[in-house]
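> Here is my input, please return the structure:
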Amino acid sequence: MSEPLSARHYTEAAPFAREAEAIFGATWQYLCHESELEEQEGLDAAKLETLAGFVFINRDSGAPAMATLFGPIEQEIAGYAPGARNWVRRHHSTQDLACNWKVAVENYSECYHCAVAHPFLAEGVFDMASYRIETGGLLQRHSCRGRPASEVAYGMDADATPRGGDFASWYLWPNFALEVYPGGYLDIYHWAPLDTGTTRQTIAWYGAPDVPAAQLEEIGALHLANTVAEDWRLVEAVQRGLANRGYGDGALMIDRARSEKSEHAVAHFQGLVRDALGT
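This is a model prediction of the structure:
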């Protein structure tokens, strides 16, 4: 078991104000895909780098390079989504979640709720028994086998990419994740804190230029109507619970197998928050 962050880290203005500089003023922040860079105006950044075709900026001129912080994940991503640097966006959505940004990231950092809350994923995409989460440094890696193509809830070709039958995702501290779904469909999550209790979530789906747009639009729409809508309700309910006077700090449950039922990645994330804030 691990002791979690107290509720005040999610509900009070003072911790949120400290995070603005201690976390978001000193980390790599997602901006866009390379194919969308010309649309950006008035960039206020000391440094700019790309990773797997996605553009990140950092206000800290002395910040270590992304390759130093995150290691060889670009090569890992290429095993699931080769050529992603040249892919194009096919589906895009934003949601203003009534929750602290950390609630959204923590929801992403475990999948013990998936079997109950996400039937689209648990029954139509993932082989949940194989789901594992690895943590280390400033990263989380999620992975599992996909269901047989005949059981997947959307049209896909398991031979489209070298790992086309599998799922993998990489969470990059503090507020970005990149996923590749069975069939080689790539999507990103970005959680931008607007205030203590509001987070703007951006999700975008990308594919190779020769992949019919309708395929990405289909999976993007299914994901939005199912997983996103389900998580939206969950994170807002958690935020309401944290703000309730009756809330009491519990404990994070961690299993040795580091399976989807374990909260070790939540504990890892909260450790990064503590380190950044010096608490």
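
> contacting residues around His9?
For His9, the contacting residues are 15, 100, 102, 273, by Cβ atoms under 8 Å, 6 or more residues apart in numbering. C-beta: built from backbone N, CA, C; applies to glycine.

> Mind checking what secondary structure the residue lying closest to the second one once chain neighbours are set aside has?
Okay, so that is Asn100. Nearest residue to Asn100 in three dimensions, chain neighbours excluded: Tyr10, at 4.2 Å (Cβ to Cβ, 6 or more residues apart in numbering). Put simply, Tyr10 is helix when judged by DSSP: H, G, I helix; E, B strand; the rest coil.

> try Tyr206
Here Tyr206 takes the strand state, with states given by three-state DSSP.

> For it, which non-adjacent residue is closest in space?
Setting aside the residues directly before and after it, Tyr206 is nearest to Trp87 in space (Cβ to Cβ, 6+ apart), at 4.3 Å.

> Kindly report the same for Glu3.
Ala251 is the one closest to Glu3 (Cβ to Cβ, 6+ apart), at 6.5 Å.

> hmm, back to that, close enough to count as contact, the residue nearest to Tyr206 and Gly53?
Yes - the criterion here is Cβ atoms under 8 Å, and Trp87 meets it with Gly53 at 6.6 Å.

> Give me the common contacts of those two.
33, 35, 206.

> Tell me the most packed of those, by neighbour count.
Within the shared contacts of Trp87 and Gly53, neighbour counts (other Cβ atoms under 10 Å) peak at Tyr206, which reaches 26 neighbours.

> Who does it form a beta bridge with?
In this entry, Tyr206 is beta-bridged to Arg89, Leu186, by DSSP bridges.

> pretty sure it contacts Leu186?
Yes - counting by Cβ under 8 Å, Leu186 is a contact partner of Tyr206 at 4.7 Å.

> What about the residue nearest to Glu3, how many residues nearby?
11.

> And for Val55?
Neighbourhood size, Val55 [other Cβ under 10 Å]: 20.

> Please settle this for me: is it part of a helix?
No - with three-state DSSP as the criterion, Val55 is strand rather than part of a helix.

> The helix or strand where Ala177 lies - which strands sit beside it in the sheet, and in what orientation?
Assigned by DSSP states H and E, Ala177 belongs to strand 176-181. Strand 176-181 pairs in its sheet with strand 166-172 (antiparallel), strand 185-195 (antiparallel), by DSSP bridges.

> what about the last one, distance to the chain center?
Meaning strand 185-195. 7 Å (Cα atoms, centre = their mean, to the nearest Å).

> Kindly report the same for the first one.
The chain centroid and the centroid of strand 166-172 are separated by 8 Å, computed with Cα atoms, centre = their mean.

> Can you list the neighbours in contact with it?
Here strand 166-172 has contacts from 28, 70, 73, 76-77, 80, 105, 108-109, 125-126, 138-146, 177-182, 265, using Cβ under 8 Å, 6+ apart.

> ditto for the longest one
Here strand 185-195 makes contact (Cβ under 8 Å, 6+ apart) with 16, 19, 24, 30, 54, 80-81, 84, 87, 96, 100-101, 104-105, 108, 156, 175-181, 199-207, 215-216, 219-220, 223.

> For the shared contacts of Trp87 and Gly53, give me TSV that also has pLDDT and distance to Leu43.
Shown next, in TSV, are those (pLDDT from 0 to 100; distance: Cβ to Cβ, whole Å):
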residue	pLDDT	distance to Leu43
His33	95	15
Ser35	90	16
Tyr206	96	21
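
> from the contacts of His9, which is closest to Ser130?
Among these, Lys102 lies closest to Ser130 (Cβ to Cβ), at 27.8 Å.

> So between Trp87 and Gly53, which is more surrounded?
Shown here are Trp87 and Gly53; by other Cβ under 10 Å, Trp87 has more neighbours (23 against 19).

> hang on, the earlier thing: can you list phi and psi of the residue nearest to Glu3 for me?
Per-residue torsions, Ala251: phi -140, psi 150 (degrees, to the nearest 10).
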